[in-house]
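J.: Can you look at this prediction? I've put the sequence above it.
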Amino acid sequence: MKIDEVALAAGGHPFRVRTYQPPQPGGAVLVWMHGGAFMFGDLDMPEADQVARELAGRGVTVVSVDYTLAPLDALPALLPPGGPGPDAPLPPPPMSDRPRARFPVASLQVAAAFEWAVESFGEVRVSLGGASAGANLAASAAMRLRDAGGVQPASLLLVYPVLHGEVPPVDEELQAMLKELPAFLTFPKAAMMAINENYAGEALDDPYVYPAGHDLRGLPPAFIVNAEADRLRMSGEGFAAELAMAGVDVTVVRERGTAHGYLNEVGAPAAIRTMERFTTWLA
């Protein structure tokens, strides 16, 4: 496997991409974005690095995007009193010391990373994908690219995405699952409002902020994987329905026995299973 980093710039800010090229490429390229509420994460977290290595090991070339993160103003609203604590299912998210910026910087950078990948890898299928906030950025960039009228992504791959400014209400089945989770992993309304305002500022109604509820016609075929015990599953499932109503081919999967962020669990069977699903889809 060949791993390289390239410095780019878009939205008035520098950023970088890390490429993972398999010894025998299978003809598909995935531009991939980690999650982290738009304000956490880096290229070394499992949701970025493990995903890229697993896919590259299966013949997919991955371009992992180190987009500019949003400010940390919403952090107090996300953490439980006293911090995550020793029993938290996932480690605290990495903190970046790079300059930060709100929307539209990250969205513009993802679109630029896609265009760079198309130019760099030539006549191959280039898709966009991401997890959580990264999935939002992938869908946002796909809308930008559609509206610009240039080369379009071959497909969208979204894992436990957040695509609504206000997540649809949960049903009784999911509500029972959420009762078993720590409060901060249930994405309370106040926390989601803080994330929204922190990322978008005054631009919450911009269709490139939260794509759900806007014109989705002409987007590429989408593969959506939702975590089972995840309030954001309602966003992923709702967005899948909107895509279908807009005439977009969509496949939606519920990864059983998982909670939000499971791609950060190193070596987890569900994470590997999702990578196998991705590989099959991209092929």
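T.: Perfect, I can see it now.
J.: for stretch 125-137, how far is the first residue from the last?
T.: 19 Å (CA to CA, to the nearest Å).
J.: Mean confidence (pLDDT) on that stretch, please.
T.: On average, the pLDDT along stretch 125-137 is 97.
J.: show me where the stretch 1-150 of the chain has strands.
T.: 2-10, 13-21, 28-33, 61-66, 125-131 (DSSP state E, counting those that start in this stretch).
J.: As a markdown table, these with mean neighbour count would be great.
T.: Every C-beta, even on glycine, is put in place using the N, C-alpha and C of the backbone. Below are the strands of the stretch 1-150 of the chain laid out as a markdown table (neighbours: other CB atoms under 10 Å):
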| stretch | mean neighbour count |
| --- | --- |
| strand 2-10 | 13 |
| strand 13-21 | 19 |
| strand 28-33 | 28 |
| strand 61-66 | 26 |
| strand 125-131 | 27 |
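J.: can you tell which of the ones you listed is closest to residue 103?
T.: strand 13-21 (12.3 Å; CB to CB).
J.: Quick check: neighbours of that closest one in the sheet, parallel or antiparallel?
T.: Neighbouring strands of strand 13-21 in its sheet, by DSSP bridges, are strand 2-10 (antiparallel), strand 61-66 (antiparallel).
J.: Quick one: mean pLDDT over the first one.
T.: Pointing back at strand 2-10 there. On average, strand 2-10 scores 98.
J.: Contacts for it next, please.
T.: 14-21, 23, 105, 108-109, 111-113, 116 (CB atoms under 8 Å, 6 or more residues apart in numbering).
J.: Pick out the lowest-pLDDT one from the residues you listed.
T.: Scanning the contacts of strand 2-10 for pLDDT, the smallest score is found at residue 23, 90.
J.: Could you give the number of residues near that residue?
T.: 9 (other CB atoms under 10 Å).
J.: how about it, what does it touch?
T.: Neighbours of residue 23 in contact, by CB under 8 Å, 6+ apart: 1, 2.
J.: Including distance to residue 210, could the strands paired with strand 13-21 go into TSV?
T.: Formatted as TSV, the strands paired with strand 13-21 follow (distance: least, CB to CB, whole Å):
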stretch	distance to residue 210
strand 2-10	21
strand 61-66	19
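J.: how far does the helix or strand bottoming out on mean pLDDT in the chain sit from the chain's center?
T.: Scoring the helices and strands of the chain by mean pLDDT, DSSP states H and E places helix 75-78 at the bottom, with a mean of 80. Helix 75-78 sits 20 Å away from the centroid of its parent chain (CA atoms, centre = their mean, to the nearest Å).
J.: helices or strands up against that helix?
T.: Identification of packing neighbours for helix 75-78 by 3 or more CB pairs under 8 Å, 6 or more residues apart in numbering; DSSP states H and E yields helix 189-200.
J.: next helix or strand past the helix it packs on?
T.: Remark: after helix 189-200, the chain's next helix or strand is strand 222-229, criterion DSSP states H and E.
J.: What lies in contact with that following strand?
T.: Residues outside strand 222-229 that contact it (CB under 8 Å, 6+ apart): 155-161, 174, 177-178, 180-181, 232-233, 236-237, 239-240, 243, 248-262, 274, 277-278, 281.
J.: Send me it as CSV with only the CA atoms.
T.: Provided in CSV are the C-alpha atoms of strand 222-229 (Å, rounded to 0.1, in the frame of the first residue of the first chain):
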residue,chain,number,x,y,z
ALA,A,222,-26.4,6.6,-2.6
PHE,A,223,-25.5,3.8,-0.2
ILE,A,224,-26.5,4.7,3.4
VAL,A,225,-25.5,2.7,6.4
ASN,A,226,-27.1,3.6,9.7
ALA,A,227,-26.1,2.5,13.2
GLU,A,228,-29.0,0.7,14.9
ALA,A,229,-29.0,2.3,18.3
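J.: So what are the sheet partners of that strand and their directions?
T.: Strand 222-229 is paired, per DSSP bridges, with strand 156-159 (parallel), strand 250-259 (parallel).
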